[in-house]
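In: Everything below, folded, please.
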Amino acid sequence: MKRKIRTFRNGIEFMDNRHWILDELGNPEPATLEVWARWFENNRDRIVKQEMVGDVKVSTVFLGLDHNWGQGPPVLWETMVFGGKMDQHQERCAGNREQAEAMHESVLEKVKNDS
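Out: Numbering: from 1, shown residues only. Next comes the predicted model:
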């Protein structure tokens, strides 16, 4: 099966793909199901950051699956809140690790302001 190549505004080119891994620099790259499964089982780099604000945990991870389902740039990063007033709040983004870290900091500030 031939895959369609897409280019997005940020210049990232990729084949329509559901499975993604991180390269040695932390950049997302498409992967086969087998490569993805092996990488995901053995790699802790998918955890970007986890921080506590009192009893509330803010966690940002690399999802490894496109949560945009091929409808634009792949959404591969998620920040979630566990506990407190914002329990189960989540934000997701496309892009790179740096953008995921910025999303984490933004949610962390919301949690701190909501405490």
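In: For residue 52, which non-adjacent residue is spatially closest?
Out: residue 58 (7.8 Å; CB to CB, 6 or more residues apart in numbering). For glycine as for every other residue, the C-beta is placed from the backbone atoms N, C-alpha and C.
In: so how far is residue 51 from that neighbour?
Out: 5 Å (CB to CB, to the nearest Å).
In: Helices along the protein, start to end?
Out: 33-42, 97-114 (DSSP state H).
In: what sits against residue 36?
Out: Counting by CB atoms under 8 Å, 6 or more residues apart in numbering, residue 36 touches 19-21, 64.
In: Is the nearest residue to residue 111 once chain neighbours are set aside bridged to anything, and to what?
Out: Using CB to CB, 6+ apart and skipping residues adjacent in sequence, the residue nearest residue 111 is residue 53, 5.0 Å away. In this entry, residue 53 is beta-bridged to residue 56, by DSSP bridges.
In: show me where the protein has strands.
Out: Under the criterion DSSP state E, strands of the chain are mapped to 5-7, 13-15, 20-22, 28-30, 47-53, 56-62, 75-82, 90-94.
In: which of those strands has the lowest average pLDDT?
Out: Note on the strands of the chain: lowest mean pLDDT is at strand 13-15, with a mean of 51.
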